[in-house]
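Student: the sequence isn't on hand, but the structure is:
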């Protein structure tokens, strides 16, 4: 072989090698398996995180902020009365493909109409597919709020509301407002497998779905035809590990580059590791215990108030949150506008609690269940330990609590159905508006953990949603917090700091105020 031929062959080999070397993989150690691949029919952050690489909404939140920006809709107009929203859709947006489906057209208005009518209209052929429970759509009061959704042309969609709604744009940036492909839905319906739309997802997002192995891994690949900024990594892998100690060990071994939710006790060690960066921010969240107001003895406000006088909040914060939480007294965190700091915090008063219980007809206490979440969340790092501490506190006034738990999906289903007397749950905000806490967690239209419906509270939050002035809305929400404190349907545990450890090789990551994880904007050195 001539020198020139050898040089040419070496150049080809080097180019091939560099091409391979430059391919980048990011592994995220996630905390659990998704329920499926459709954000419309789920409510957990675990499932939302698994869907975010694939799907998009009309609107989104600017990376790392609560500011709404256009996604599949480039711009929008709002009528003077605040009831008509006209969205101008982005052109030339490509759909993903898979082994059974190759799109023949780009994203358009038909996809928007289908995605909302699937959740809204009983007559839609997909309404009952995959169980058909659209909890977020219902909890955000969409069935009552929406009057019509009309296709003006292929790239214009008009939403008409029955009344003004200040949080509406922010709501449309939430995961439940995901847009699915109508063409894909029609093809699956014709093939007799409509459920596959929620198992083998087709979206418009920066990553395409590749494979899911339950309780093990989810694989995605960068979508080369994405209309926006291309993902900086070629392959994205979710490594599913329920045990936080396993996630931490994998991170330290560089088997994953980002890890979900370390235990507070693990944070100091992670901070001391020179190969790890630990990001942190005050969480837009709340951990709480709901007292079922439709079941005795918690149908009596005196009993609920007595419980708030017995639980040692500081002991729970010290033992469980270990410096990563602050005492809660309201449903919304203090970082959110309209937070009412004048509401008094909890104070232990055993004698006062016994007096209230005696007045309610329970001088010797009573028996109750106390449900403990089976999963770890930033707003609740160790539900079992919290339950044990509460159990011990309740015993001081003769209340005998039996700790109960179920698999996470079953736990949420049973809690929403009101099978419990006392149950732990929590929430991380989705859109930065107080309405996103008050309505889905406590309004009469919600299936809240306390099974609580108070007309005075409801009137305040419903009125607040119809007003455009943030100052006027804040006054109403402040009053609503007073009502909630007086009626005590919940015992508020803590607002937590959210930690996210990652390898120092990861660059460009911004923490979401909503606890969402997004990977298309970061790089791995």
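Tutor: Looks like it arrived, so ask away. Nothing here was measured: the structure is a model prediction, and the numbers come from that model.
Student: which residue ranges of the stretch 401-525 of the chain form strands?
Tutor: Along the stretch 401-525 of the chain, the stretches classed as strands by DSSP state E, counting those that start in this stretch are 422-428, 490-503, 506-507, 523-524.
Student: who does the first one touch, helix- and strand-wise?
Tutor: Contacting strand 422-428 under the criterion 3 or more CB pairs under 8 Å, 6 or more residues apart in numbering; DSSP states H and E are the following elements: strand 285-291, strand 367-371, helix 383-394, helix 408-416, helix 435-442. (C-beta placed from N, C-alpha, C; glycine too.)
Student: closest to residue 84 out of the ones you listed?
Tutor: helix 435-442 (19.9 Å; CB to CB).
Student: what pLDDT, on average, does the closest one get?
Tutor: In this model, helix 435-442 carries a mean pLDDT of 93.
Student: relative to residue 91, how far out is the nearest residue to residue 389 once chain neighbours are set aside?
Tutor: Closest residue to residue 389 apart from its sequence neighbours, by CB to CB, 6 or more residues apart in numbering: residue 316 at 5.4 Å. As judged by CB to CB, to the nearest Å, residue 316 and residue 91 stand 53 Å apart.
Student: higher neighbour count, these two?
Tutor: Ranked by neighbour count (other CB atoms under 10 Å), residue 316 and residue 91 place residue 316 first, with 21 against 12.
Student: could you dump the strands of the stretch 401-525 of the chain to JSON lines with mean neighbour count?
Tutor: As requested, the strands of the stretch 401-525 of the chain are exported to JSON lines (neighbours: other CB atoms under 10 Å):
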{"stretch": "strand 422-428", "mean neighbour count": "25"}
{"stretch": "strand 490-503", "mean neighbour count": "24"}
{"stretch": "strand 506-507", "mean neighbour count": "16"}
{"stretch": "strand 523-524", "mean neighbour count": "16"}
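Student: possible to save the ones you listed as JSON lines with distance to residue 463 and mean pLDDT?
Tutor: Converted to JSON lines, those look like this (distance: least, CB to CB, whole Å; pLDDT from 0 to 100):
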{"stretch": "strand 422-428", "distance to residue 463": "22", "mean pLDDT": "95"}
{"stretch": "strand 490-503", "distance to residue 463": "22", "mean pLDDT": "95"}
{"stretch": "strand 506-507", "distance to residue 463": "45", "mean pLDDT": "96"}
{"stretch": "strand 523-524", "distance to residue 463": "47", "mean pLDDT": "94"}
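Student: out of those, flag the one nearest residue 149.
Tutor: From these, taking CB to CB, the stretch that ends up closest is strand 422-428, at 27.8 Å.
Student: low-confidence stretches in the chain?
Tutor: By pLDDT under 70, the weakly predicted segments of the chain are 1-22.
Student: now with 50?
Tutor: Scanning the chain for pLDDT under 50 picks out the ranges 1-20.
Student: how about the nearest residue to residue 360 once chain neighbours are set aside, phi and psi?
Tutor: Closest residue to residue 360 apart from its sequence neighbours, by CB to CB, 6+ apart: residue 302 at 4.2 Å. Backbone torsions of residue 302, given as degrees, to the nearest 10, read phi -60, psi -40.
Student: for residue 302, give me its contacts.
Tutor: 356, 357, 359, 360 (CB atoms under 8 Å, 6 or more residues apart in numbering).
Student: list buried residues within those residues.
Tutor: Neighbour counting by 16 or more other CB atoms under 10 Å classes 356, 357, 360 among the contacts of residue 302 as buried.
Student: so the first one, which of the three states?
Tutor: Reduced to three states with DSSP: H, G, I helix; E, B strand; the rest coil, the structure at residue 356 is helix.
Student: so who does it touch?
Tutor: Residues in contact with residue 356 (CB under 8 Å, 6+ apart) are 302, 303, 305, 306, 309.
Student: how close does it sit to residue 449?
Tutor: Distance from residue 356 to residue 449, by CB to CB: 22 Å.
Student: and residue 239, by the same measure?
Tutor: From residue 239 over to residue 449 (counting by CB to CB), the distance is 31 Å.
Student: so for those two, which residue has more residues nearby?
Tutor: Neighbours per residue, other CB under 10 Å: of residue 239 and residue 449, the larger number sits with residue 449, 27 against 17.
Student: wait, what's in contact with the more buried one?
Tutor: 288, 290, 292, 415, 416, 420, 423, 425, 441, 490.
Student: burial count for the closest residue in space to it that isn't next to it in sequence?
Tutor: Leaving aside its sequence neighbours, residue 449 sits nearest to residue 290 (CB to CB, 6+ apart; 2.9 Å). Residues lying near residue 290 (other CB under 10 Å) number 25.
Student: for residue 290, which residues count as its bridge partners?
Tutor: Judged by DSSP bridges, the bridge partners of residue 290 are residue 423, residue 490.
Student: wouldn't it be in contact with residue 442 here?
Tutor: No: taking contacts as CB atoms under 8 Å, residue 290 lies outside contact range of residue 442: 9.6 Å.
Student: quick check: neighbours shared by the two?
Tutor: Joint contacts of residue 290 and residue 442 (CB under 8 Å, 6+ apart) are 448, 450, 452, 489, 490.
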